[in-house]
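1. got a sequence here, can you build the structure:
(chains A and B)
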Amino acid sequence: MNESICVEHLNYAYPGVEDTPGVAVFTDLSLSIEAGSFVAILGSNGCGKSTLAKHFNSILLPCGGKVYVCGMDTSDDDLLIKIRRSVGMVFQNPDNQIVANVVEEDVAFGPENLGVASPEIRRRVDQALKQVGMYEFRKHAPHLLSGGQKQRIAIAGIIAMEPKCIVLDEPTAMLDPRGRREVMETVMELNRNKDITVVLITHHMDEAAMAQRVVVLHKGSVAADGTPEQVFSQVELLHRIGLAAPETVELCYELGQQGIPVPLDCLDIERCAQAIYDRMT
Amino acid sequence: MLKDITLGQYFPGNSFIHRLDPRTKLLMLVVYIAALFIAKSWISYGMMLVFLIGCIAISRIPPKSIVRGMKPMVVILVFTGVLNVFMTAGETVWVEFWIIKITKEGVIRGFFMVMRILMLVTGTFLLTYTTSPIALTDGLESLLSPLKVLHLPVHELSMMMCIALRFIPTLIEETDKIMSAQKARGADLENGNLMEKVKALVPILIPLFVSAFRRADELATAMECRCYHGGEGRTKMKLLHYTLLDMVAFFVGAVLLAAVITLSVFGL
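-> This next block holds a predicted model:
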């Protein structure tokens, strides 16, 4: 298996202030993410999702264990730039990751930092903006755009660095439904057409259901790992750790509780309706 | 009220002035300001005014927005004007009343001072209106780059300026939100004397600062994630280069400065 990100026995604690002890987040976490895959990481608040994401490109360094990105050890200082250009990061608040006040200048920020030659930057910026469908907005000021558009600009800024992997830390948390759809479509297209590994950190079950693999974190360790169907059919486990399954699965689960067993692997409405129909006839 | 702030506002366009290299415009502004301070007579002021109005006309910036940008300047203009009118000693007394004496020289001087400030500010506006902030900071970085030899953090300064300009609208929006939130909680921002008004600002400024620091922290992380590691080894998407237009502008600037200096040497 060709691994994009590999976490081995990760141990991490946020350092305490003065006398207070640090807060342990991970004690022994191992996880590997295959190149070209689309993985969703789920978990309730405070389970370490974002902390894990920050380990993927050396923003945080492990206290114990190792994190490898495309075979590079994230604690190796000399590889820092190489690691960060391999793993791009998109954060929750689009406002706080846009540096410049013209869209295309902001997208150019990453390649400029990497020392790419000017004509090549121009090409990459245009290409990245076309990929996220924001090319016609290239001369606009970011603060006049909608949340979904801003987040797509942030994604364009990352793909202009031509990374192998994109980590999105709750990219849709501050967006309206339309913005969420725009961002998710962009991300899925990148994964499909550009073969970019996508790690999506989210607490929207329906977004996680679009991934090829879902990893559920709970209290710093992996509680469930598998295809969306496999993970979401463990409804009781999800409930126990404060999460809910997608609405369709919840419905099937409730029906099961009432003595009408329906398979729990229907993630879209069509299939769910079909399963209930089949059960009834 | 907060929408009136025009600092760093840019009107996109494609006029002669828009197309000039930002370095040319910066240097021209320096020349223009120098000429403004050398100018002493009606003729030279008139010349400067014609030049300025010409520039505004060429740039196709709506004069209305320049006038709007002047609004916050009114207090300073009135203050300067009044002070100069009353404080200048002169021969020809026009009005004498108690200890107040208004002389012809004072009025003329006051008028010139007000004109000077007005033209200074308008000229500066013209620069920020016709130059995108990025081009401006790029130009500044390029002009100041010789100072890198003295270990002056030129790149860092221009980066800071660029980010500051980028966050002005965001922070203004945020201030508006906080003000509404505090009003919803019953804060009285409009009434009361000066002291009370200043005190009412505290519950607006504190959340604003807290959020600005949080933003700064997140932005720093996001910049690191995009491989920002200072100015070293950095390239630019848009390279600055002088064109024929810049030569024309430099020529006009040189003629203007020469004319103003000549006039003031001959005491005109």
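
2. show the model's pLDDT score for residue 183.
-> I'll assume chain A. Model confidence at A:Val183, given as pLDDT, is 89.

3. try again with chain B
-> 89.

4. over to A:Met1?
-> If you check A:Met1, the pLDDT there is 51.

5. what does B:Asp4 give?
-> Here the pLDDT value assigned to B:Asp4 is 48.

6. which residues are in contact with stretch B:244-260?
-> Stretch B:244-260 has contacts (C-beta atoms under 8 Å, 6 or more residues apart in numbering or on different chains) with B:16, B:19-21, B:24-25, B:27-28, B:31-32, B:34-35, B:38-39, B:44, B:47-48, B:51. All C-beta atoms are positioned from the backbone trio N, CA, C, and that covers glycine.

7. try 6 Å this time
-> Contacts with stretch B:244-260, where a contact means C-beta atoms under 6 Å, 6 or more residues apart in numbering or on different chains, come from B:19-21, B:24, B:28, B:31, B:35, B:38-39, B:44, B:51.

8. for those, give me a markdown table that also has distance to A:Asp176.
-> Below are the contacts of stretch B:244-260 laid out as a markdown table (distance: C-beta to C-beta, whole Å):
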| residue | distance to A:Asp176 |
| --- | --- |
| B:Arg19 | 39 |
| B:Leu20 | 41 |
| B:Asp21 | 41 |
| B:Thr24 | 44 |
| B:Met28 | 45 |
| B:Val31 | 50 |
| B:Ala35 | 53 |
| B:Ile38 | 57 |
| B:Ala39 | 56 |
| B:Ser44 | 58 |
| B:Phe51 | 50 |
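
9. emit the PyMOL select command for whichever of these are buried.
-> Here is the PyMOL command that selects the buried residues among the contacts of stretch B:244-260 (16 or more other C-beta atoms under 10 Å in any protein chain shown):
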select buried, chain B and resi 20+21+24+28+31+35+39+44+51
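
10. can you redo the contacts of stretch B:244-260 as CSV with secondary structure, distance to B:Ala220 and pLDDT?
-> Below are these laid out as CSV (DSSP: H, G, I helix; E, B strand; the rest coil; distance: C-beta to C-beta, whole Å; pLDDT from 0 to 100):
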residue, secondary structure, distance to B:Ala220, pLDDT
B:Arg19, helix, 35, 87
B:Leu20, coil, 34, 88
B:Asp21, coil, 31, 90
B:Thr24, helix, 34, 91
B:Met28, helix, 35, 92
B:Val31, helix, 38, 91
B:Ala35, helix, 42, 91
B:Ile38, helix, 45, 88
B:Ala39, coil, 46, 85
B:Ser44, helix, 49, 88
B:Phe51, helix, 44, 90
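
11. and the strands in the stretch 151-281 of chain A?
-> Remark: strands assigned in the stretch 151-281 of chain A by DSSP state E, counting those that start in this stretch are A:165-169, A:197-201, A:213-218, A:221-226.

12. ok, so of the contacts of stretch B:244-260, who is nearest chain A?
-> B:Arg19 (14.7 Å; C-beta to the nearest C-beta).

13. these two touch, right, B:Trp94 and B:Ile100?
-> No. In this structure, B:Trp94 is not within contact of B:Ile100 by C-beta atoms under 6 Å, at 11.1 Å.
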